[in-house]
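*Asks:* take this sequence and fold it.
(chains A and B)
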Protein chains: 2
Amino acid sequence: MPLSANNPDRKSWLHVDKNSDFPIQNIPFGVFLTRDDIITIGTRIGDTAIDLGALHQLGYFDGIALTDDIFLQDTLNDFIADGRKTWRAVRNRIAEIFDDNNDSLKQNKKHKEIVLFRLDEIEMQLPVQVGDYTDFYSSIEHATNVSSIFKSADAELAPNWLQMPIGYHGRSSSVIPSGISIHRPQGQILQNGKTNPVFGPSKLVDFELEMAFITTAANDLGEPIPIEEAEEYIFGLVLLNDWSARDIQEWEQMPFGPFLAKSFASSISPWIVTLDALEPYRVESPKPKKPQLNYLKYKGKKSYDINLEVAIQPQGAKETVVSNSNFKYMYWNMVQQLAHHTINGCSVNSGDLMGSGAISGPTPDTYGSMLELTWKGENLIKMTDGSERAAINDNDTVIMRGYCEKDGTRIGFGEVSTKLLPVFNKK
Amino acid sequence: MPLSANNPDRKSWLHVDKNSDFPIQNIPFGVFLTRDDIITIGTRIGDTAIDLGALHQLGYFDGIALTDDIFLQDTLNDFIADGRKTWRAVRNRIAEIFDDNNDSLKQNKKHKEIVLFRLDEIEMQLPVQVGDYTDFYSSIEHATNVSSIFKSADAELAPNWLQMPIGYHGRSSSVIPSGISIHRPQGQILQNGKTNPVFGPSKLVDFELEMAFITTAANDLGEPIPIEEAEEYIFGLVLLNDWSARDIQEWEQMPFGPFLAKSFASSISPWIVTLDALEPYRVESPKPKKPQLNYLKYKGKKSYDINLEVAIQPQGAKETVVSNSNFKYMYWNMVQQLAHHTINGCSVNSGDLMGSGAISGPTPDTYGSMLELTWKGENLIKMTDGSERAAINDNDTVIMRGYCEKDGTRIGFGEVSTKLLPVFNKK
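*Replies:* Numbering: from 1, shown residues only, chains lettered A, B, ... in the order given. I've put the predicted structure just below:
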């Protein structure tokens, strides 16, 4: 099926700002609560949210094999499980419906009143029920920085790092959409020079700038996904802030990795941008520094040129951009991650979330965490209000943004924005 | 609400063998497919499976606040979310219905034909949709054995081990019920003395003898569960075989713990035995070897005396029991695990599964894995057919069983039995 929705020449009859992340070439998918308190699956063009459940009931998807209630759901899991052919047919149809040359909905005032919403009339929800959340550790710059910070300046990567996309299981229950505030976590912390830990609030709450892909139902238990098929099972991507409490992490993480240091929250942007929409922005992945085993070898461009930024906004002050990175820096790409994840027969379901790990680039201004940006507190970061940061303060909001741009078309992710509240106090 | 279902003097009008795990004092919960291909929630007395959905439709739960379809579901998640008061009311009512002194169902042949099934007429399913699966590492004997095997005979526990119940996130998608066969996993293995890994079948597939508890919806994100409340949120327990591929594990696990070495399968027994049914078998936990932080301090008996065994059955041969352990050996108990898991605000949902980690006791015949039983292959284990094992062979079935016994009443878990098939081959 051709990706006609990607046609760069198409204009929409809906208004789209010049720098919008959501031109008619994007057509992301999300879930929102409407002004009538109905939950529906929707898309977005410019600053208009579109109720796909209502559009479907009005017959605009006639001819595409869809169940009646496929969009009248509180998650995208079932729609994603329908597979790539269906996603493409729906996305192409949405492009047609909102094409400036198509009068059917454009001229139907009554229908437009039913299906179109201003952004301030809706409330974005978590787009999928996350079955399993996996976090990889696939940026070589990030892994190298972490090794250097915690060991020594010339520390090497762990011997397995160049052989496989290292990953670990994360906590699904604490994956939240942009806009939900979180509390500073408490836990065990080992103070410098002490042998016994103390209990208290984390003093080193950090972000990790990540992206995550969302899968469709891919394989039965026991059956690996060959790398050349992996792309078929990737629905799309979101921005991910993999919140981390560094002091809790340092004490707990031997020998089984981060646990409570990360399970207090992982925030994602609410609009899933499809892999199809990102098609024009494919780029080569970094060259392997070591030969890779056959099941990890792939052909073609499997990385994407996605500009990323992180900003910190102290309460009552303007935000400060603290990092500019790019998804293309990832040493291990998504098809390698998915092939590796399933090589042992592990099953992947619709709505599984797979994070990249912090995405750091080659220069200090591209690092994907405060740990690296401040080099574990050596270099404080100055905010617009004059205050300085080694980590995230109470009532700071951390905002991540991402977009692709080429030949005048910009496809973006919007943002994931999360405020860190003080420690939870039971009233 | 009194636990009248636990009355040790009650007899059922259903036949119960003397050594059955499922006397009328047990009343576990599970999900099964009936001979009519209907999926329902059920319980079991002796070797009779009982369709709770049908019992409810016939009015036997009248007077208990339950939605009409609470048992007509393919998972127990909604029932478990109803909370402890409801579980107790239902379990007490089931005890009454099947009490030998109660004629209402006993004398109703037509109703009995609808609600009762022989075990060979049903097919047990996964009892819950597992939202998140956490695996702890809470047996001090197991953790000490692992340290000794991989480091040196006098290696100590990691410094954090005595301060917190170490845990890590597992993979939910590969949690399967007893009876489902699995394939030997493939992956990267680093052979002795080599620097680059090879790809191939794991040669060291192992079991871990564990138990796991299943939670109800417990807390909102950000809000810890105090240890004195933790027990309220534990619905019941199952046996867990946390399958492990030791060679894959050894190479992948630094720095973030086991990933593909375990995500190929985790098998559980299909009947959830409620914490209420285990009430008579409470025992003290081992004395702490180090003072513990306040949020981990508890009062009373929070461990349970549950006898555990593991058997290996080669194809066509009789089984050999290779380990006899006990759940009471756990250094960290369930309320400590749940309080620790949520101390950072991590939210816990209905149907979450929390494994104990391998349960090893103080003597070599009580060790909970082949890794420990064979001391990494030093001492092979002899099967009834004369063959020897350092690990699980193709077509071996691993069977775990567990039961409590006191004052003539035995409450058991049945078994979790899983056959290991050869490496998956795409036809």
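*Asks:* residue ranges of the helices in the stretch 251-400 of chain A, please?
*Replies:* In the stretch 251-400 of chain A, the segments counted as helices under DSSP state H, counting those that start in this stretch are A:334-342, A:370-373.
*Asks:* what does the last one rub up against?
*Replies:* Outside of helix A:370-373, the residues within contact range by C-beta atoms under 8 Å, 6 or more residues apart in numbering or on different chains are A:142, A:145-146, A:149, A:206-207, A:244, A:246, A:322-323, A:358, A:360, A:364, A:367, A:379, A:381, A:389-392. Bear in mind the C-beta positions are built from the backbone N, C-alpha and C, glycine included.
*Asks:* may I see the buried residues of it?
*Replies:* A:370, A:371, A:372, A:373 (16 or more other C-beta atoms under 10 Å in any protein chain shown).
*Asks:* quick check: pLDDT value at residue A:305.
*Replies:* Note for residue A:305: predicted pLDDT of 98.
*Asks:* list the contacts of it.
*Replies:* A:281, A:282, A:283, A:326, A:327, A:328, A:404, A:406.
*Asks:* what do you get if the cut-off is 6 Å, keeping everything else the same?
*Replies:* Counting by C-beta atoms under 6 Å, 6 or more residues apart in numbering or on different chains, residue A:305 makes contact with A:281, A:283, A:328, A:404.
*Asks:* residue A:94 against residue A:27, yeah?
*Replies:* Yes. Judged on C-beta atoms under 6 Å, residue A:94 makes contact with residue A:27 at a distance of 5.2 Å.
*Asks:* of these two, who's got more company?
*Replies:* Set residue A:94 next to residue A:27 and count neighbours by other C-beta atoms under 10 Å in any protein chain shown: residue A:27 wins out with 27 against 21.
*Asks:* my read is that that one contacts residue A:43, right?
*Replies:* Yes. Residue A:27 is within contact range of residue A:43, at 5.3 Å (criterion: C-beta under 6 Å).
*Asks:* overlap in contacts, these two.
*Replies:* Joint contacts of residue A:27 and residue A:43 (C-beta under 6 Å, 6+ apart) are residue A:94.
*Asks:* how about the CA coordinates for the longest helix seen in chain A, as PDB?
*Replies:* Longest helix of chain A, by residue count under DSSP state H: helix A:84-97. C-alpha atoms of helix A:84-97 as PDB (Å, rounded to 0.1, in the frame of the first residue of the first chain):
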ATOM      1  CA  ARG A  84       0.200  -2.300   9.300                       C
ATOM      2  CA  LYS A  85      -2.200  -2.600   6.400                       C
ATOM      3  CA  THR A  86      -5.000  -1.200   8.500                       C
ATOM      4  CA  TRP A  87      -2.900   1.600   9.900                       C
ATOM      5  CA  ARG A  88      -1.900   2.700   6.400                       C
ATOM      6  CA  ALA A  89      -5.400   2.500   5.000                       C
ATOM      7  CA  VAL A  90      -6.800   4.600   7.900                       C
ATOM      8  CA  ARG A  91      -3.900   7.200   7.700                       C
ATOM      9  CA  ASN A  92      -4.300   7.500   3.900                       C
ATOM     10  CA  ARG A  93      -8.000   8.000   4.300                       C
ATOM     11  CA  ILE A  94      -7.600  10.700   7.000                       C
ATOM     12  CA  ALA A  95      -5.200  12.500   4.600                       C
ATOM     13  CA  GLU A  96      -8.000  12.400   1.900                       C
ATOM     14  CA  ILE A  97     -10.700  13.600   4.200                       C
END
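*Asks:* to the chain's geometric centre, what's the distance from it?
*Replies:* 22 Å (C-alpha atoms, centre = their mean, to the nearest Å).
*Asks:* can you list contacts of it?
*Replies:* A:1, A:4, A:5, A:24, A:27, A:43, A:60, A:61, A:64, A:102, A:105, A:232.
*Asks:* so where's the stretch 101-250 of chain A shaky on pLDDT?
*Replies:* Across the stretch 101-250 of chain A, the ranges flagged by pLDDT under 70 are A:152-155.
*Asks:* around chain B, which positions in it sit nearby?
*Replies:* A:132, A:158, A:160, A:163-164, A:167-174, A:183, A:185, A:187-188, A:197, A:199, A:221-223 (C-beta under 6 Å from any C-beta of the partner chain).
*Asks:* now with 8 Å, please.
*Replies:* Listed as neighbours of chain B in the stretch 101-250 of chain A under the rule C-beta under 8 Å from any C-beta of the partner chain: A:131-132, A:137, A:158-160, A:163-164, A:166-174, A:176, A:180, A:182-183, A:185-188, A:190, A:195-197, A:199, A:221-224, A:245, A:248.
*Asks:* and what of the stretch 301-427 of chain A?
*Replies:* Counting by C-beta under 8 Å from any C-beta, the residues of the stretch 301-427 of chain A near chain B are A:340, A:341, A:343, A:344, A:345, A:346, A:347, A:348, A:349, A:352, A:424, A:426.
*Asks:* which among those residues end up buried?
*Replies:* A:340, A:341, A:343, A:344, A:345, A:346, A:347, A:348, A:349, A:352, A:424.
*Asks:* check contacts around the last one.
*Replies:* Taking C-beta under 8 Å, 6+ apart as the contact definition, residue A:424 lies against A:183, B:222, B:223, B:224, B:345.
*Asks:* quick one: contacts for the residue of the stretch 1-150 of chain A found nearest chain B?
*Replies:* In the stretch 1-150 of chain A, the residue that lies nearest chain B is residue A:132 (5.2 Å; C-beta to the nearest C-beta). When the contact criterion is C-beta under 8 Å, 6+ apart, the partners of residue A:132 are A:169, A:172, A:348, A:349, A:352, A:353, B:171, B:172, B:173.
*Asks:* need the longest strand for chain A.
*Replies:* Scanning chain A for the strand with the most residues, using DSSP state E, yields strand A:409-421.
*Asks:* parallel or antiparallel, which strands does that one pair with?
*Replies:* strand A:182-183 (parallel), strand A:397-406 (antiparallel) (DSSP bridges).
*Asks:* pick the most deeply packed of those.
*Replies:* strand A:182-183 (a mean of 22; mean count of other C-beta atoms under 10 Å in any protein chain shown).
*Asks:* any idea how far the helix or strand just after that strand is from the chain center?
*Replies:* As assigned by DSSP states H and E, the chain's next helix or strand after strand A:182-183 is strand A:186-189. Here strand A:186-189 is found 27 Å from its chain centre; the criterion is C-alpha atoms, centre = their mean.
*Asks:* tell me the contacts of residue A:265?
*Replies:* A:174, A:176, A:182, A:243, A:418, B:221, B:345.
*Asks:* for it, grab phi and psi.
*Replies:* phi -180, psi 140 (degrees, to the nearest 10).
*Asks:* where does residue A:5 fall, helix, sheet strand or coil?
*Replies:* Taken by DSSP: H, G, I helix; E, B strand; the rest coil, the conformation at residue A:5 corresponds to helix.
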